[in-house]
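J.: Any chance you can model this:
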Amino acid sequence: MHRPTLLIGGMGFIGLHTARSFLDGGQDVVLTYHRNRREPDFLEADLGKRARVEPLDVLDAPRVKDVIKTHDVEGVVYLAVPALSGVSPAEEFQTNTAGYLNVLEASRAAGLRRVTVTSSLAVYSNVAERPWREDVHVPITSANPTEAYKKALEILGLFFGQRTGLEVVMLRVAGIFGPLYHSMANLPSRLCHAAARRSQPDFSGMRYGPPNARDGGDVCYVKDVAAGIQLLHSAPRLEQRIYNLGNGRVTRNMDLVDAIRRLVPEFQVDLPAGGDADSRYMDLTRVSSEVGYQPRIGVENGLAEYVEWLKTHPY
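T.: Residues are numbered from 1 along each chain as shown. A predicted model of the protein is given here:
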């Protein structure tokens, strides 16, 4: 029997879909959660069987070691993300450093095969050289928690691996949308919620203000990213330690609106003119050539699945 893979943060948005992808690939999983346990219908048949669930606070080092030992896992996918709100800067810092170290050290001590860490395309913020490649230099300054802590996780994790021999791999993940996304921070989620409920989208409180028609970026459906995470983590050998994982092309805001209008003809929203998303996407040459990753579902089909899901689910 194959040893399971530990998904830390596995009950989060990306984690739940990643679990499904591992299960579909024949690999058992252990999913952890800190405060919120979610059991979507697409995992229901496997929970407690091929998908085990464990409560875990990564700041509890003995508990991290215990979960790894109890389930005899082969490796870890680290999906924990910086909180968007609700915690102090000190608490945020502690979780993203001390908690992360606990996972790395427990993995090293147990002799695990690989630790795969989900980073973000946010590390490319203010990088003028486009499309974004993994070997481009990124600025040390950061404008938000995701950007700051993902850069830190990359630097610290890769150096820890270099010093100890633990294989640590970083996946720079695109802007993700799809079922179970609950923060409503991105545009695809707001558009799809509005289309499913036949209402006008609410753009209030968006980080960069109301969206312009020609703005956009590398947007990817969550199931495609989950498949990519499973593909990379399961690869017997990886030549590199950083990989882009996304759609590999620009999706403008007006493209999202047009795609949803094809699904729901009565859906009407007029975005302000302006914006410039030229070449704001990640180059997928490395991941495609090494493990054969390409987004299988794509943005338009992903939007269709997401709108259909939202007709019967709140998120």
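J.: How about residues contacting the longest helix anywhere in the chain?
T.: Taking DSSP state H as the criterion, the chain has its longest helix at helix 145-164. By Cβ atoms under 8 Å, 6 or more residues apart in numbering, the surrounding residues in contact with helix 145-164 are 81-84, 92, 96-97, 100-101, 104, 108, 115, 117, 119-120, 122-123, 125, 138, 140, 142, 166-168, 170, 172, 241-242. For glycine as for every other residue, the C-beta is placed from the backbone atoms N, C-alpha and C.
J.: How about His34, nearest residue that isn't a chain neighbour?
T.: In space, and not counting its chain neighbours, His34 is closest to Asp57: 5.7 Å by Cβ to Cβ, 6 or more residues apart in numbering.
J.: Tell me the secondary structure at that neighbour.
T.: Counting by DSSP: H, G, I helix; E, B strand; the rest coil, the backbone at Asp57 sits in coil.
J.: Which parts of the protein are strands?
T.: Secondary structure of the chain, counting by DSSP state E: strands at 5-8, 29-33, 51-55, 75-78, 115-120, 168-173, 175-177, 216-217, 219-221, 242-245, 251-252.
J.: can I get those in a markdown table with distance to Ser189 and mean pLDDT?
T.: What follows is the strands of the chain, written out as a markdown table (distance: least, Cβ to Cβ, whole Å; pLDDT from 0 to 100):
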| stretch | distance to Ser189 | mean pLDDT |
| --- | --- | --- |
| strand 5-8 | 22 | 99 |
| strand 29-33 | 21 | 98 |
| strand 51-55 | 25 | 98 |
| strand 75-78 | 23 | 99 |
| strand 115-120 | 17 | 98 |
| strand 168-173 | 16 | 99 |
| strand 175-177 | 6 | 97 |
| strand 216-217 | 14 | 94 |
| strand 219-221 | 11 | 98 |
| strand 242-245 | 19 | 99 |
| strand 251-252 | 14 | 96 |
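J.: The ones you listed into TSV, with extra columns for mean neighbour count?
T.: Formatted as TSV, the strands of the chain follow (neighbours: other Cβ atoms under 10 Å):
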stretch	mean neighbour count
strand 5-8	28
strand 29-33	24
strand 51-55	18
strand 75-78	26
strand 115-120	24
strand 168-173	24
strand 175-177	24
strand 216-217	22
strand 219-221	28
strand 242-245	26
strand 251-252	24
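J.: any idea how far Ile229 lies from Leu263?
T.: To Leu263, Ile229 is 27 Å away according to Cβ to Cβ, to the nearest Å.
J.: and these two? which has more neighbours close in?
T.: Ile229 (26 against 16; other Cβ atoms under 10 Å).
J.: got a pLDDT number for the more buried one?
T.: Listed pLDDT for Ile229 reads 99.
J.: for the nearest residue to it once chain neighbours are set aside, what are its contacts?
T.: Excluding its sequence neighbours, the residue lying closest to Ile229 (Cβ to Cβ, 6+ apart) is Thr18, at 5.0 Å. With contacts defined as Cβ under 8 Å, 6+ apart, Thr18 is in contact with 7, 10, 77, 79, 226, 229-230.
J.: Tell me the one among those residues nearest to Asp255.
T.: Closest approach to Asp255 among the contacts of Thr18 (Cβ to Cβ): Ala226, at 22.4 Å.
J.: so the closest one makes contact with Phe13?
T.: No - the criterion here is Cβ atoms under 8 Å, and Ala226 misses it with Phe13 at 10.0 Å.
J.: Can you say which of the contacts of helix 145-164 are buried?
T.: 81-82, 92, 96, 100-101, 104, 108, 115, 117, 119-120, 122-123, 125, 138, 142, 166-168, 170, 172, 241-242 (16 or more other Cβ atoms under 10 Å).
J.: Tell me where the protein has helices.
T.: Under DSSP H, the chain gives helices at 13-24, 61-71, 89-94, 100-109, 145-164, 187-196, 222-234, 253-263, 285-291, 298-310.
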